[in-house]
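Visitor: Requesting a structural model of the entry that follows:
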Amino acid sequence: MSSSHERDHLLGILAAQRAVAHCIEDAFGEKISAHEVQIVPHKLAKPRIRLAPIGLSQKKAARMAEGIDFSISHSKGLAVAQAIRRDQGRVGVDIEAIRTFALPTARAFLTKSEYHTVSHVPPAEQAYLMTLFWCMKEAYLKACGVGLLVHPSRVDVLSLFRGAPYVTHDDKRVPATVRWALYRRFIITHVLLPHG
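Guide: Presented below is the predicted three-dimensional model:
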């Protein structure tokens, strides 16, 4: 792992620890510090939370950890994380620097309708739109708990981009909401799926 990737990974962990600690205080009324939150990686799925709060039983800490859903992303020196109560839904976040994708790459991850939309905007806007669609797809897949184990071309976010409250995943409508923001030359996306 390169030193810049290691730095970004650490920034993501720190952001997640703070987000989870804040969420636990809001959700359970227990004030814990970020260093009492461990983010446990998982090879094929979303990372897990393990709490080691001073003065709480392991059983209570495990119950609180199970009651939180969170997501992490990092890119080129920036990191974002969000944590919510599981009964509020499932969350996914992504941050990416706006970049131009080679056309074969874009065709590989965009659906036909998304590619058609991108190809009909001015060239100066194509990099923004391609990056936004990528971020929305990755955030959605993180909220699902599968990340890039599912190919992004199986998810169509065009309806979500246009304001509809769903994405199309394997030809099925899945309720979802999205927010995105532009920060410098980065796009940050947040996708929320209903509980269940």
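Visitor: where do the strands sit along this protein?
Guide: 37-40, 48-51, 68-75, 78-85, 90-97, 155-156, 166-169, 172-175, 177-183, 186-193 (DSSP state E).
Visitor: I'd like the ones you listed as JSON lines, with distance to residue 8 appended.
Guide: For every residue, glycine as well, the C-beta is placed using N, CA and C. Converted to JSON lines, those look like this (distance: least, CB to CB, whole Å):
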{"stretch": "strand 37-40", "distance to residue 8": "14"}
{"stretch": "strand 48-51", "distance to residue 8": "20"}
{"stretch": "strand 68-75", "distance to residue 8": "4"}
{"stretch": "strand 78-85", "distance to residue 8": "7"}
{"stretch": "strand 90-97", "distance to residue 8": "10"}
{"stretch": "strand 155-156", "distance to residue 8": "24"}
{"stretch": "strand 166-169", "distance to residue 8": "27"}
{"stretch": "strand 172-175", "distance to residue 8": "29"}
{"stretch": "strand 177-183", "distance to residue 8": "15"}
{"stretch": "strand 186-193", "distance to residue 8": "12"}
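Visitor: And the helices in this protein, which stretches?
Guide: Listed in chain order, the helices of the chain (DSSP state H) span 3-28, 58-66, 103-109, 112-119, 123-144, 158-161.
Visitor: Go through the ones you listed and pick out the most buried.
Guide: Neighbour counts (mean count of other CB atoms under 10 Å) averaged over each of these peak at helix 123-144, with a mean of 21.
Visitor: just the angle between it and strand 78-85, please?
Guide: Interaxial angle of helix 123-144 relative to strand 78-85 (axes from the mean of the first three to the mean of the last three CA atoms, to 10 degrees): 40 degrees.
Visitor: sorry, back to before: would you mind putting the strands of the chain into JSON lines with mean neighbour count, mean pLDDT and distance to residue 27 alongside?
Guide: Below are those laid out as JSON lines (neighbours: other CB atoms under 10 Å; pLDDT from 0 to 100; distance: least, CB to CB, whole Å):
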{"stretch": "strand 37-40", "mean neighbour count": "18", "mean pLDDT": "95", "distance to residue 27": "13"}
{"stretch": "strand 48-51", "mean neighbour count": "18", "mean pLDDT": "94", "distance to residue 27": "12"}
{"stretch": "strand 68-75", "mean neighbour count": "24", "mean pLDDT": "96", "distance to residue 27": "7"}
{"stretch": "strand 78-85", "mean neighbour count": "20", "mean pLDDT": "97", "distance to residue 27": "5"}
{"stretch": "strand 90-97", "mean neighbour count": "23", "mean pLDDT": "97", "distance to residue 27": "13"}
{"stretch": "strand 155-156", "mean neighbour count": "24", "mean pLDDT": "98", "distance to residue 27": "29"}
{"stretch": "strand 166-169", "mean neighbour count": "20", "mean pLDDT": "97", "distance to residue 27": "26"}
{"stretch": "strand 172-175", "mean neighbour count": "13", "mean pLDDT": "97", "distance to residue 27": "22"}
{"stretch": "strand 177-183", "mean neighbour count": "14", "mean pLDDT": "96", "distance to residue 27": "20"}
{"stretch": "strand 186-193", "mean neighbour count": "22", "mean pLDDT": "98", "distance to residue 27": "16"}
